[in-house]
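Student: Below are the sequence and a predicted model for it; my questions follow.
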Amino acid sequence: IAGGKGEKAGPDDNVPPKGFTALFNGKDLTGWQGLIQVNKRSKMSKEQYEEAVKKATDKAMKHWTVKDGIIHYDGKDNNLQTAKDFGNFEMYVDWKIEPSGDSGIYLRGNPQVQIWDINGKNNPKKIGSGGLYNNQKNPKDPLLVADNPIGQWNSFHIVMKGDKVTVKLNGKLVVDNTPLENYWDKGKALPARGPIELQHHNDPLWFKNIYVKELAD
């Protein structure tokens, strides 16, 4: 089973490439917090936001845990988000799922670069991972299937500039400079900044090697 006993991060895992910062330090979830949706944040005072973050984070840390250099999620809470907001950036993230597993990477707090099982129950069209799943007007499906077999690690390389997103999955181009649409305020521009999130979809998940490099506006 994915993430089963005996699995440990290797000596080269969680060590950022030159010019990148590790969002996950390989030891604990410093720099991450429980989910406060970006569309709800703006309605809160600073105090309300801080209180909501504390409550959400206390809960999240029971379900998002670190073992042997790998983030484990038991499928029983909500998204995990960076405490910091990002504008334009380049990032890497390695992920793994079980059969029928489902997840994604939220960019600026908006869904999402899709993660799922090509043969999963939620995926009747057998579409690969990496597409901009929630797009309505712009392309949403990946250009090709680049997923590794279930139980193996996969690697995203994501570049976000303005509202445009490019995604490589396991070294293959699956999204080519495509706008990510604003999910929360449909028809409005994507927020200029927001958190990066690991998506909860009721499934166990594994993540490692999460690196980011901020790019100029």
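Tutor: Received, thanks.
Student: which of the residues in the helix or strand bottoming out on mean pLDDT in the chain are buried?
Tutor: Using mean pLDDT, DSSP states H and E, the weakest-scoring helix or strand in the chain turns out to be helix 38-41, at a mean of 94. The neighbour-count check on helix 38-41 (16 or more other CB atoms under 10 Å) flags Val38, Arg41 as buried. No exception for glycine: its C-beta is placed from N, CA and C like everyone else's.
Student: Could you do stretch 54-61 as well?
Tutor: When neighbours are counted by 16+ other CB under 10 Å, the buried residues of stretch 54-61 are found to be Ala56, Thr57, Ala60, Met61.
Student: quick one: the first one is in a helix?
Tutor: Translated: Ala56. Yes - following the definition DSSP: H, G, I helix; E, B strand; the rest coil, Ala56 is counted among the residues of a helix.
Student: ok, which stretches of this structure are strands?
Tutor: Along the chain, the stretches classed as strands by DSSP state E are 21-22, 32-34, 64-67, 70-73, 80-82, 88-97, 102-107, 110-116, 154-161, 164-169, 172-179, 197-198, 205-215.
Student: how near is the closest residue to Lys164 other than its chain neighbours to Thr166?
Tutor: Counting by CB to CB, 6 or more residues apart in numbering, Lys164 lies nearest to Asn177, which is 5.0 Å off, once chain neighbours are set aside. Taking CB to CB, to the nearest Å as the measure, Asn177 and Thr166 are separated by 5 Å.
Student: between these two, who's got more neighbours?
Tutor: A direct count of neighbours by other CB atoms under 10 Å for Asn177 and Thr166 places Thr166 higher, at 16 against 12.
Student: what about the more buried one, distance to Asp185?
Tutor: For Thr166, the distance to Asp185 equals 24 Å [CB to CB].
Student: what does Val38 give?
Tutor: From Val38 across to Asp185, the span is 10 Å (CB to CB).
Student: One more: Gly101?
Tutor: For Gly101, the distance to Asp185 equals 29 Å [CB to CB].
Student: More neighbours: which of these two?
Tutor: Between Gly101 and Asp185, counted using other CB under 10 Å, Gly101 has the larger neighbour count: 23 against 13.
Student: for that one, what are its contacts?
Tutor: By CB atoms under 8 Å, 6 or more residues apart in numbering, Gly101 lies in contact with Ala2, Ile115, Trp116, Asp117, Gly120, Ile150, His201, Asp203, Pro204, Leu205.
Student: Which of these fall in helices?
Tutor: With helices identified by DSSP state H, none of the entries of these belong to them.
Student: Could you identify which of those has the most neighbours?
Tutor: Among the contacts of Gly101, the one with the most neighbours (other CB under 10 Å) is Ile115, at 27 neighbours.
Student: Spit out the contact partners of it.
Tutor: Ile115 makes contacts with Trp95, Ile97, Gly101, Asp102, Ser103, Gly104, Ile105, Ser129, Asn154, Gln199, as judged by CB under 8 Å, 6+ apart.
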